[in-house]
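J.: Pasting a predicted model and its sequence here:
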Amino acid sequence: MPEVAGVLLNNREDEPTDVILATPPGPGLTTGLDPAEADSESYTYWVLSECVSAYRQQFPDASEEGWILIHMETSGLDMRDIDAPIRGLVRFFGEERR
């Protein structure tokens, strides 16, 4: 899958974070078809991985711990069946990162 996460700097000071990681719509959201559960779970995991990768490329010297705030609707993860995206989140956050 291509790299698709974009790193945006929030200069408006209207959000709880200085960095916003933008993602494309999730599976099925552009086609109008319901995505398969496996696709939704994989997409959730993949898009979070891409966001962390994009952040690390933009800020390679960052060593402090940070927060990840996920806007489910904007990131395309607000699906009718939330179980699959939640499994992708659990899988992502369950892995050790360096």
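T.: Arrived safely.

J.: Confirm Ile20 sits in a strand?
T.: Yes: looking at Ile20 with DSSP: H, G, I helix; E, B strand; the rest coil, it is inside a strand.

J.: Show the contacting residues for the nearest residue to it once chain neighbours are set aside.
T.: When the adjacent residues along the chain are set aside, Ile20 lies closest to Leu8, with 4.3 Å between them (CB to CB, 6 or more residues apart in numbering). Just so you know, the C-beta spots here come from the backbone N, C-alpha and C atoms, and that holds for glycine as well. By CB atoms under 8 Å, 6 or more residues apart in numbering, Leu8 lies in contact with 19-22.

J.: mind listing the helices for the protein?
T.: In the chain, the helices defined using DSSP state H lie at 37-58, 83-94.

J.: Of these, flag the one that's most buried.
T.: Sort those by mean neighbour count, taking mean count of other CB atoms under 10 Å, and helix 37-58 sits at the top with a mean of 18.

J.: Run the angle between that one and helix 83-94 for me.
T.: In terms of direction (axes from the mean of the first three to the mean of the last three CA atoms, to 10 degrees), helix 37-58 departs from helix 83-94 by 40 degrees.

J.: Thanks a lot, catch you later.
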